[in-house]
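Asker: Pasted the sequence and its predicted model underneath.
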Amino acid sequence: MTDETKALATELEKATNKVNALGTELTGRMEKGEKGITDLKDQVDEALTLMNEAKTRLDEVEQKQARRGDDGQVEQKSLGQQMFESEQFKSFAENPRNGGRATLHIKDVTSATTAAPGSAGALTTPQRQAGIIAPPNQMLHIRDLIASGTTDSNSIEYIRETGFTNSAAAQSAEGALKAKSDIQFADETSAVRTIAHHIKASRQILDDAAQLESYIGGRLMYGLKLVEDRQLLNGDGLTGNLKGIVPQATAFADPTGMANYTIMDQLRLAMLQAVLAEYPASGHVLNPIDWTLMELSKDTEGRYIIGQPQGTANPTMWGLPVVATQAMGVGKFLTGAFNMGAQVFDRQQASIAIATENEDDFVKNMITILCEERLALAVYRPEAFITGTLAAKTTP
């Protein structure tokens, strides 16, 4: 250890001891409920800053010494350095006109990193790619289909029509009794739910790796939206979950009673079922596997039924957009009037918050990165959504 390293190590030790002492004092005074400790908090912040600066300078010196070989290991010299430092070269340099020459005898050059002659491995440094290689993100679509709104409450209440008997008819004669219809309603409540998760990181790593904070925030937001997507579609409404559309949707039932139909025909029949409920469908939700099978369908002459391989048109089926998402199970489908039959209410839009949550984290320089949102889903008309299993129908 050099004199410079020793001096910096001593400085870091003093700064660390000061931070610990101030942190202990601050914790004790806070536990006693003392007020007016702003100056002490400022002293702690200043001491933390000095400690971090000392640590940074010490790290830089140690890295430079490691590159110079000051860590006690034998420095790996290039062949040129070995030549210039050889006795033969020094003799040749003093009197280059005497016809002599300098020769450096080495063994086979290898990638070894030992002190043996010919070891050149230390001269090779790995190429480092910038940034962080992230895994792929799943496409999110469900929320984009549904009407949006906001709320200042912890629940959404609405009146849903549950039954209607339409007995409207022409009056048989003047003064005759007119037809009587019936209509029923029910109160519905959709609770605001919270979706959230967090990660802890040290202040030092966030200071030293500037891109890490934004990367973590992005990954937290993606994870939140992925769960939101699945909740809006499949949530069971229990233990803090949203009640999704699929559990409330109407089961598929062919309104025409066709003897035979394909799975693509089945989606068209589901559209008809929604129309007969007075809610024209606005889209289909399928698993990517099922949508791929439909796109690869061919007629008896081998021609593609849906578009062409080189086509660039947006995914559609029977004139409606198709959302292919893994949030939908394989072999299942949802067709419905997403724009009219349901609505998402944001109580707190998805956001990222960064804070030191408690005294222990404060003293340890740990920071909490929190991502959360609060929202409610109201499914106004279950009959506006048709769900079921994709299955072609054939008669013997």
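Answerer: Perfect, I can see it now.

Asker: show me where this structure has helices.
Answerer: 3-31, 38-68, 79-85, 87-94, 142-145, 203-208, 210-234, 245-248, 263-276, 288-295, 338-341, 359-364 (DSSP state H).

Asker: Now tell me which of the ones you listed the model trusts least on average.
Answerer: The minimum mean pLDDT among the helices of the chain belongs to helix 79-85 (a mean of 53).

Asker: in this protein, which residue is closest to the centre?
Answerer: residue 222 (2.2 Å; CA atoms, centre = their mean).

Asker: That one and residue 371, how far apart?
Answerer: Distance, residue 222 to residue 371, by CB to CB, to the nearest Å: 9 Å. The C-beta positions use only the backbone N, C-alpha and C, and glycine is treated the same way.

Asker: again with residue 56
Answerer: 30 Å.

Asker: Between these two, which has more neighbouring residues?
Answerer: residue 371 (23 against 15; other CB atoms under 10 Å).

Asker: Just confirm the more buried one contacts residue 218, I think it does.
Answerer: No: the criterion here is CB atoms under 8 Å, and residue 371 misses it with residue 218 at 9.7 Å.

Asker: Domain ranges for the chain, per the record?
Answerer: Domains of the chain are assigned by automatic domain parsing as 3-68, 79-118, 142-166+184-300+314-389.

Asker: Can you give the distance from the last one to the centre of its chain?
Answerer: Average the C-alpha atoms of domain 142-166+184-300+314-389, do the same for its chain, and the two points are 16 Å apart (CA atoms, centre = their mean, to the nearest Å).

Asker: Kindly report the same for stretch 158-171.
Answerer: 46 Å.

Asker: got the CA positions of it in CSV?
Answerer: Listed next in CSV are the C-alpha coordinates belonging to stretch 158-171 (Å, rounded to 0.1, in the frame of the first residue of the first chain):
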residue,chain,number,x,y,z
TYR,A,158,-73.4,2.0,-10.9
ILE,A,159,-76.8,0.7,-11.7
ARG,A,160,-76.9,-2.2,-14.1
GLU,A,161,-80.0,-3.4,-15.9
THR,A,162,-80.5,-7.1,-15.1
GLY,A,163,-83.7,-7.9,-16.9
PHE,A,164,-86.1,-6.5,-19.5
THR,A,165,-89.3,-8.0,-20.8
ASN,A,166,-90.4,-6.1,-23.9
SER,A,167,-94.2,-6.6,-24.2
ALA,A,168,-94.7,-3.6,-26.5
ALA,A,169,-97.7,-4.2,-28.9
ALA,A,170,-100.3,-2.5,-30.8
GLN,A,171,-103.4,-1.5,-28.9
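
Asker: Check the model's average confidence along it for me.
Answerer: 82.

Asker: Mind listing what's buried along that stretch?
Answerer: Residues of stretch 158-171 include none that count as buried (16 or more other CB atoms under 10 Å).

Asker: what's that stretch in contact with?
Answerer: 178-188, 190, 378, 380-381 (CB atoms under 8 Å, 6 or more residues apart in numbering).

Asker: same check, this time on stretch 304-312
Answerer: Stretch 304-312 has contacts (CB under 8 Å, 6+ apart) with 264, 294, 295, 296, 297, 298, 299, 313, 317.

Asker: Quick check: of these, which lies closest to residue 152?
Answerer: residue 317 (38.9 Å; CB to CB).

Asker: For that closest one, the count of nearby residues, please.
Answerer: If we define neighbours as other CB under 10 Å, then residue 317 has 20 of them.

Asker: ok, now which ones touch it?
Answerer: 264, 267, 284, 294, 306.

Asker: can you list those residues in CSV and add distance to residue 25?
Answerer: Formatted as CSV, those follow (distance: CB to CB, whole Å):
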residue, distance to residue 25
264, 73
267, 70
284, 65
294, 69
306, 72
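
Asker: Tell me which two in these are the farthest apart.
Answerer: 284 and 306, at 12.6 Å, using CB to CB across these.

Asker: For those two, indicate the residue with more neighbours.
Answerer: Shown here are residue 284 and residue 306; by other CB under 10 Å, residue 284 has more neighbours (26 against 17).

Asker: Residues in a beta bridge with the more buried one, which ones?
Answerer: Taking DSSP bridges as the rule, residue 284 bridges to residue 322, residue 335.

Asker: Now for it: which residues touch it?
Answerer: When contacts are counted by CB under 8 Å, 6+ apart, residue 284 touches 267, 317, 320, 321, 322, 323, 333, 334, 335.

Asker: Not counting its neighbours along the chain, what's nearest residue 203?
Answerer: Nearest residue to residue 203, sequence neighbours excluded (CB to CB, 6 or more residues apart in numbering): residue 365, at 4.3 Å.

Asker: what residues are up against that neighbour?
Answerer: Applying CB under 8 Å, 6+ apart, the residues contacting residue 365 are 48, 202, 203, 204.

Asker: Also residue 314?
Answerer: residue 321.

Asker: How much space separates it from residue 329?
Answerer: Residue 314 sits 23 Å away from residue 329, going by CB to CB.

Asker: next one: residue 178
Answerer: 50 Å.

Asker: which of the two has more neighbours?
Answerer: residue 329 (14 against 10).

Asker: The more buried one contacts residue 287, doesn't it?
Answerer: Yes: taking CB under 8 Å as the definition, residue 329 is a contact partner of residue 287 at 6.3 Å.

Asker: Of the contacts of residue 317, which is the nearest to residue 341?
Answerer: residue 284 (14.0 Å).

Asker: what about residue 344, how many neighbours?
Answerer: In terms of burial, residue 344 registers 20 neighbours under the definition other CB under 10 Å.

Asker: My error: substitute residue 348 in the last question.
Answerer: Residues near residue 348, counting by other CB under 10 Å: 14.

Asker: Now it: closest residue in space, sequence neighbours ignored.
Answerer: residue 374 (4.0 Å).

Asker: deepest of the domains of the chain, which one?
Answerer: Greatest average neighbour count among the domains of the chain goes to domain 142-166+184-300+314-389 (a mean of 17), per mean count of other CB atoms under 10 Å.
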